[in-house]
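Student: Please work out how this folds:
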Amino acid sequence: MEKLLNQIDNKQRIKDMNMEELKLLAKEIREFMIETISNTGGHLASNLGVVELTIAMHYVFESPEDKFIFDVGHQSYVHKILTGRKDRLYTIRQHGGLSGFPKRAESEHDVFETGHSSTSISAALGFANARDLRGEKHHVIALIGDGALTGGMALEALNNVGRKKTNLIIILNDNEMSISKNVGSISTSLSKMRAGARYYSTKKSVERVLNTVPMIGKHLVRFIKRIKEASKSFFVNGGMLFEEFGIKYIGPVDGHNLEDLIDILKRIKFSKEPLVLHVHTKKGKGYKPAEDNPGVFHGVGKFDKESGEIKSKETETFSDVFGKKIVDIAKKENRVVAVTAAMKNGTGLDAFADQFPNRFFDVGIAEQHGMTLAAGMAAADMIPVYAIYATFLQRAYDQLVHDIALQNHHVVICVDRAGLVGSDGETHQGVFDSGFLYQIPNLTILTPSNSTDLENMLEYAVLEMTGPVVIRYPRGEAKRTTKEPAYSIEQIMAPQLLKEGKDMMLMTYGRLTKESIEAVSELRRNGVDAGLIKLQAIKPIYTRQMRNMIQKGSKVLFIDETVAKGTVGNLIASELSDHCRFRMLTLPDAFIEHGSVAELTGAYNLDSKGISQEAMDWISEDQDMNGYELS
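Tutor: Now for the predicted structure:
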């Protein structure tokens, strides 16, 4: 018998299925995703948790006429499967393949692109406003997780939605997780709502029974509904969270009960006012390894589907090095506190949280609050270390400027995933932060290229430096070196001459140091006397030391893993314009697509091969020009 999963290219086919077929389809989708993602890697746990919910949405509504807006978007794989992209799921997050998030260029069913959290309600309200202004009648549905609801932007949107009397459905997918375990009062409030599930199941059963009573059944139901708010506040006082915003609240509903989901979506479909449907799901549903370890299987690499064992190399990453070192530093100085925004695991702060629970602050998905929280603690003579991904640092720019840099507070901001991050694509590439950081006064920006650099810089920044310090480091392996610990500001920050060169000098920092070392070797094999300068800091710029390392009039090729308009190379070029010939090799002025870091560095000539070729091309241009002039 042909699988139902192979029959869903036509969206009408889902609507024609009976309940048993829909349940079988859900089972087949789970099996298909586990099989596929085990070979490709991807966001598995979150997608396993929304299988029934996504099927129900497509069964009741008409995508793309009705607008589905996914918060973060990492839970959109089932949506992709149901909208004609099943046969390409094996390319998910691969270079040139499907994006791991909604992408407008990919399908008309992806109406809004996401990758960062807490945006869906604002976007959905925008769609609803546009619909109402045009006099259209389609539905707008925002799907937001309980983790994303901890973000201030979601609360700002709810405040705005409550004043709007129009059809807008907000589905709260409550699985008690973001990436790290959810924290805060909103999570506690949702726990109270989940405890009230008994009330709603009982209410529904009573209504069914009463409606069967001849003559008076419907009247009794109407009478009982008049007193339901009082009883609801007794059983589920957490529902008032949304009703205080002026938004009708319904739930909690079992997010894995297809029959109930479809029934309630049909009931609320034509609501004349905004409402929140609270759906309780289990992250990783149907696959025990993911149910047991939803954080591990949130964004997972290739794994053995039978055992759940992750197929990854056991290498020490920059996040690992940071996590171990900050624990060592905290043992020496009891004023050190750690802050993160729902990224305890990803940033490597697990051990710190375990050893110093009273000095660890997870603010939820609230990067702005985290930044100002750190500023407040610094003003009160603590030493905050704020670990944050480069792509999420963008969200706290104003707080960094206004609350930290302007007041010159000693906060150490550890920017993880700086530079290319790979398969998460445009929304997650850390290629903008260096550009917007180096223009901020009072900041020092350190750029380790290996584990020893990171350890030295972190210890010096926390224990010796003053004012705001940024340490930015890439995703991935951190190589060990035999270098001795650094004890002076000059050792920590001054540029290092790794190789002298007469014909050309390469200059770079961070992860691309390794690629540049290999490029220098290749150039020397081709008869080019090339050298290499590694920057330890990109703010301040040590112009005098650079001049001493570069022969006057020589070529300098600056290699930077950031977008062209944001590269610190522009600043260095202006400082050295009277001393040398300067050229830059960077990423383009564009959003960088998804693919592995190796594929992307190769595509943009930032690997050793591309760097050496760029240098050879520059030398050939000069030779051609000299030949022309001589002739």
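
Student: Any stretches of this structure with poor pLDDT?
Tutor: Within the chain, the set of residues satisfying pLDDT under 70 comprises 1-2, 9-11, 177-239, 312-314, 624-631.

Student: domains in it, as residue ranges please.
Tutor: For the chain, the domain assignment from automatic domain parsing gives the residue ranges 4-196+236-292, 198-235, 318-491, 496-630.

Student: So which of the ones you listed is nearest H298?
Tutor: With Cβ to Cβ, the closest approach to H298 among the domains of the chain belongs to domain 4-196+236-292: 5.2 Å. (Each C-beta comes from the backbone N, C-alpha and C, glycine too.)

Student: Quick one: closest of the domains of the chain to I310.
Tutor: With Cβ to Cβ, the closest approach to I310 among those belongs to domain 4-196+236-292: 9.3 Å.

Student: how many neighbours does E65 have?
Tutor: Taking other Cβ atoms under 10 Å as the neighbour definition, E65 ends up with a count of 11.

Student: That one - that's part of a helix, no?
Tutor: No. Using DSSP: H, G, I helix; E, B strand; the rest coil, the assignment for E65 is coil, not a helix.

Student: Report the separation between it and L277.
Tutor: Taken as Cβ to Cβ, to the nearest Å, the spacing of E65 relative to L277 amounts to 20 Å.

Student: go on, S120?
Tutor: Separation of S120 from L277 (Cβ to Cβ) stands at 14 Å.

Student: and what of E306?
Tutor: Relative to L277, E306 is positioned 36 Å away (criterion: Cβ to Cβ).

Student: Also V411?
Tutor: Spatial separation of V411 from L277 under the definition Cβ to Cβ is 40 Å.

Student: could you pull out the strands for the stretch 201-350 of the chain?
Tutor: Applying DSSP state E, counting those that start in this stretch to the stretch 201-350 of the chain gives strands spanning 248-254, 275-280, 336-340.

Student: Identify the residues contacting the second one?
Tutor: Put plainly, it is strand 275-280. Counting by Cβ atoms under 8 Å, 6 or more residues apart in numbering, strand 275-280 makes contact with 53, 168-175, 190, 193-194, 197, 239, 242, 247-255, 261, 264-265, 268, all of which sit outside it.

Student: Generate a markdown table for the strands of the stretch 201-350 of the chain, with mean neighbour count as supplementary columns.
Tutor: Putting the strands of the stretch 201-350 of the chain into a markdown table (neighbours: other Cβ atoms under 10 Å) gives the following:
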| stretch | mean neighbour count |
| --- | --- |
| strand 248-254 | 21 |
| strand 275-280 | 24 |
| strand 336-340 | 24 |
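
Student: Dump those to TSV, plus distance to L585.
Tutor: Output for these, formatted as TSV (distance: least, Cβ to Cβ, whole Å):
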stretch	distance to L585
strand 248-254	54
strand 275-280	49
strand 336-340	34
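
Student: Let me see the ranges of the helices in the stretch 301-450 of the chain.
Tutor: Along the stretch 301-450 of the chain, the segments classed as helices by DSSP state H, counting those that start in this stretch run 318-332, 344-347, 350-355, 367-379, 390-393, 397-399, 433-437.

Student: so which of those gets nearest K288?
Tutor: Counting by Cβ to Cβ, K288 lies closest to helix 344-347 out of those; the figure is 19.9 Å.

Student: mind saving the C-alpha coords of the closest one as PDB?
Tutor: As requested, the backbone C-alpha atoms of helix 344-347 are provided in PDB (Å, rounded to 0.1, in the frame of the first residue of the first chain):
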ATOM      1  CA  LYS A 344      23.300  28.000  28.800                       C
ATOM      2  CA  ASN A 345      24.200  24.900  26.800                       C
ATOM      3  CA  GLY A 346      25.200  26.600  23.500                       C
ATOM      4  CA  THR A 347      27.600  29.100  25.100                       C
END
